[in-house]
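Colleague: The following block contains a protein sequence and its predicted model.
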Amino acid sequence: MIDKTEIKEFLVTVLKDNDVNLNEIDDNTIIVGENGLFFDSIDVLELIVELENKFKIKVKDNDIIKNYFKTFGTFYQFVIDNAK
């Protein structure tokens, strides 16, 4: 099973921000936008590509609309539910 630390490290790697402290990321941490980890639209596209490559997850447009990418908690659950 994929643990939360692995997903946190994955997010920080995709974001390419060494200033993000993994211990500060919790289930309520917002992923996209200025109030969160600062993922912008380009970062989200890169995140989707990396998700598909690393975890063999096919991300559909509806997955983003359904707020699976809103907080770390929702994102983590999405990965757990869909990883192959």
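Modeller: Nice, thanks for sending it over.
Colleague: how distant is the lowest-mean-pLDDT helix or strand in the chain from the center of its chain?
Modeller: Averaged element by element with mean pLDDT, DSSP states H and E, the chain has its least confident helix or strand at helix 61-65 (a mean of 78). If you compare the mean C-alpha spot of helix 61-65 with that of the full chain, they lie 13 Å apart, counting by CA atoms, centre = their mean, to the nearest Å.
Colleague: Please save the CA atoms from that helix in CSV.
Modeller: What follows is helix 61-65 as a C-alpha-only set of coordinates in CSV (Å, rounded to 0.1, in the frame of the first residue of the first chain):
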residue,chain,number,x,y,z
ASP,A,61,-11.4,15.6,-16.6
ASN,A,62,-14.2,14.7,-14.1
ASP,A,63,-11.6,13.6,-11.6
ILE,A,64,-10.3,17.2,-11.4
ILE,A,65,-13.8,18.7,-11.3
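Colleague: Okay, buried residues for that helix please.
Modeller: Buried residues in helix 61-65, counting neighbours by 16 or more other CB atoms under 10 Å, are found at Asp63. (C-beta placed from N, C-alpha, C; glycine too.)
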